[in-house]
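Asker: Prediction below, plus the sequence it came from.
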Amino acid sequence: MAEPRRAITRPTPEDDPFALSLTLVTSREVADLIDTPAAIRHWARERGIGVAERGRIPDTVRELYRASPSVVRAWARRNGVATGERGPLSNEVLESYLARPSAVREWAQRKGIPIAGRGRIASEVLETYLEPYRALTRQAG
């Protein structure tokens, strides 16, 4: 299932330089506009995660960058996952957030891994999905 589209405003100089129009974009597209490669690289290096000076940043690093404590805590509250209001997040809570079914299904489809649009996700698929994240947290830890 495609990610829901959200409205943001952009100026339209063709009609009126002061006018705003609504354009539908996905939350991932918005995040790509906000999350600059320089910011992600800086964040990763501060945490001991090795990233190249140039080139594409791996999706796993981008997703970890976007999994800020406030985002994960808000997700946990909405989904009934117990977590404290302050302090570092446990690896279990972070992995639960990263292993959201929509994220796993999107990843599997990009990789060409057969996966149903609904229902339980096979543990082998889930483990394969989480392994790069676990490697990064071991590298940083």
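Answerer: It's in.
Asker: going forward, measure contacts and count neighbours with C-alpha atoms only.
Answerer: OK.
Asker: What is the neighbour count of residue 105?
Answerer: 23 (other CA atoms under 10 Å).
Asker: Tell me if I'm right that it and residue 114 touch.
Answerer: No. Distance between residue 105 and residue 114: 9.2 Å, which falls outside the contact criterion (CA atoms under 8 Å).
Asker: For this protein, which segments count as helices?
Answerer: 27-34, 37-46, 59-66, 69-78, 91-98, 101-111, 123-140 (DSSP state H).
Asker: what about the residue nearest in space to the middle of the chain, distance to residue 105?
Answerer: Geometric centre of the chain, nearest residue: residue 63, 3.4 Å, by CA atoms, centre = their mean. Distance of residue 63 to residue 105, computed by CA to CA, to the nearest Å: 15 Å.
Asker: Over to residue 77?
Answerer: Taken as CA to CA, the span from residue 77 to residue 105 is 22 Å.
Asker: swap in residue 68?
Answerer: In terms of CA to CA, residue 68 sits 21 Å off from residue 105.
Asker: what's the pLDDT at residue 89?
Answerer: Residue 89 carries a pLDDT value of 86.
Asker: actually residue 66, not the one I wrote
Answerer: 88.
Asker: Going forward, count from 57.
Answerer: Done: numbering now begins at 57, and the last item shifts to residue 122.
Asker: How many residues are close by it?
Answerer: If you count neighbours by other CA under 10 Å, residue 122 ends up with 15.
Asker: With residue 136 instead?
Answerer: With other CA under 10 Å as criterion, residue 136 counts 8.
Asker: ok, it to residue 152 distance?
Answerer: Going from residue 136 to residue 152 by CA to CA gives 12 Å.
Asker: Please state the offset of stretch 138-145 from the chain centre?
Answerer: Relative to the centre of its chain, stretch 138-145 is centred 19 Å away, using CA atoms, centre = their mean, to the nearest Å.
Asker: do the same with stretch 176-191
Answerer: Centre-to-centre, stretch 176-191 and its host chain are 15 Å apart (CA atoms, centre = their mean).
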